[in-house]
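In: Below are the sequence and a predicted model for it; my questions follow.
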Amino acid sequence: MVNLKRTREDILKSVIGVVHRQGLVATSLSDLFTASGASSGSFYNYFKSKHELGHALIDFEWEILSSEVLAPALQSSNDPIEQVLDMLNRLEAKNLEQPNCGGCLLGNLVVDLVEQDSSFREHLTCIFDRWERTIAQTLNQAQDKLLDDVDVDRLAEQILTTVEGTMLMGRLRHDPERLKRGFSSARLLIKNAIRA
């Protein structure tokens, strides 16, 4: 039976899986209605279009990433290096626990949406910049532990690029060992930047 009183968050939670697996472009409105259990009227009450839903999903996924990975990692230790390593550990664990999760939704949406509409490129750029800044700001607090020539902004960029590539390959390969190697490569970037 269709639930006519689904909330905005209910709808986002219920459609995120199908969009993650299929991409937003390939997901029909019918798929979204079925996944959400919402009537078309209820759905359109919150989202005027798939385009608007796409932007809402980007923000929703960022909130999940922030609350489940970044914030806990930043509270896990007083050592900024350990905080960044914990971010990687949490992302790796999440991907290993859900081997068929389809990689990183935000990364998938880059592939799926940025050529469709410039607003998606701008929105996703903003989100990835925030993520990169979080890593860089954390590393900046450990400047005394890093080699003199380390550019924390560049290091944060390399870490995020490695992690996103790892999760993309994880989606392709479904190989836990390859996923572990990718996250080990991201950790190695940090370890190689630390003073001996």
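Out: Looks like it came in fine. Residues are numbered from 1 along each chain as shown.

In: packing partners for the helix or strand of the chain with the lowest mean pLDDT?
Out: Within the chain, no helix or strand scores below helix 40-46, which has a mean of 91 by mean pLDDT, DSSP states H and E. If you count contacts as 3 or more C-beta pairs under 8 Å, 6 or more residues apart in numbering; DSSP states H and E, helix 40-46 packs onto helix 8-22, helix 29-36. C-beta here means a position set from N, CA and C on the backbone, and glycine is covered the same way.

In: Quick check: which of these is nearest to Gly107?
Out: Set against Gly107 and scored by C-beta to C-beta, the helices and strands packed on helix 40-46 come closest in helix 8-22, at 10.6 Å.

In: how big is the angle separating that closest one from helix 29-36?
Out: Interaxial angle, helix 8-22 versus helix 29-36 (axes from the mean of the first three to the mean of the last three C-alpha atoms, to 10 degrees): 120 degrees.

In: If we go by neighbour counts, what in helix 8-22 is buried?
Out: Neighbour-count burial for helix 8-22 flags Asp10, Ile11, Leu12, Ser14, Val15, Ile16, Val18, Val19, His20 (criterion: 16 or more other C-beta atoms under 10 Å).

In: Mind putting the residues you listed into a markdown table with pLDDT and distance to Leu29?
Out: Listed next are the buried residues of helix 8-22 as a markdown table, based on pLDDT from 0 to 100; distance: C-beta to C-beta, whole Å:
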| residue | pLDDT | distance to Leu29 |
| --- | --- | --- |
| Asp10 | 93 | 17 |
| Ile11 | 95 | 12 |
| Leu12 | 96 | 15 |
| Ser14 | 95 | 14 |
| Val15 | 96 | 11 |
| Ile16 | 95 | 16 |
| Val18 | 94 | 12 |
| Val19 | 95 | 12 |
| His20 | 91 | 17 |
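
In: now those residues as JSON lines including distance to Ile127?
Out: Below are the buried residues of helix 8-22 laid out as JSON lines (distance: C-beta to C-beta, whole Å):
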{"residue": "Asp10", "distance to Ile127": "23"}
{"residue": "Ile11", "distance to Ile127": "20"}
{"residue": "Leu12", "distance to Ile127": "15"}
{"residue": "Ser14", "distance to Ile127": "22"}
{"residue": "Val15", "distance to Ile127": "18"}
{"residue": "Ile16", "distance to Ile127": "15"}
{"residue": "Val18", "distance to Ile127": "21"}
{"residue": "Val19", "distance to Ile127": "15"}
{"residue": "His20", "distance to Ile127": "15"}
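
In: Show me the domain layout of the chain.
Out: Residue ranges for the domains of the chain, per automatic domain parsing: 1-48, 55-191.

In: In terms of mean pLDDT, which of the ones you listed ranks lowest?
Out: Per-stretch mean pLDDT for these is lowest at domain 1-48 (a mean of 88).

In: Do I have it right that Met169 meets Lys180?
Out: No: applying C-beta atoms under 8 Å as the test, Met169 and Lys180 come out as separate, 11.7 Å apart.

In: gap between stretch 185-196 and the chain center?
Out: 22 Å (C-alpha atoms, centre = their mean, to the nearest Å).
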